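K.L.:
next comes the sequence, and after it the predicted model I'd like to discuss.
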Amino acid sequence: MRDTERKAKAGMSRFLVTIFVIAVLIAGFYIVFWTPGEPEVQPTPNAINRSE
């Protein structure tokens with residue numbers, strides 16, 4: 001019975017590590033490829049020019 005218990009614990013640990021690694025890879029892929037760069041700040045058309 002203990003051998004079955006040990007196999008179950010090893011299988012569950014392997015499953016959790018696999019799920020964690022997949023989640024980290026997906027998050028890294030998302031950050032690298034799908035997040036936009038820095039947003040371009042465009043002045044509003046009715047902005048007041050106070051530099052003059």
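P.N.:
Cool, got the structure. Since the model is a prediction, treat every value here as computed from it, not as a measurement.

K.L.:
now the helix or strand where I22 lies: mean pLDDT?
P.N.:
Using DSSP states H and E, I22 maps to helix 2-33. For helix 2-33, mean pLDDT rounds to 92.

K.L.:
list the contacts for D3?
P.N.:
By C-beta atoms under 8 Å, 6 or more residues apart in numbering, no residues touch D3. (Each C-beta comes from the backbone N, C-alpha and C, glycine too.)

K.L.:
neighbours of A27, how many?
P.N.:
Neighbourhood size, A27 [other C-beta atoms under 10 Å]: 10.

K.L.:
kindly report the same for S13.
P.N.:
Neighbours around S13, by other C-beta under 10 Å: 10.

K.L.:
any idea how far it is from R6?
P.N.:
Distance of S13 to R6, computed by C-beta to C-beta, to the nearest Å: 11 Å.

K.L.:
check V17 too.
P.N.:
Using C-beta to C-beta, V17 is found at 17 Å from R6.

K.L.:
just give me the neighbour total for K9.
P.N.:
When neighbours are counted by other C-beta under 10 Å, K9 registers 10.

K.L.:
how near is it to A27?
P.N.:
K9 is 27 Å from A27, where distance means C-beta to C-beta.
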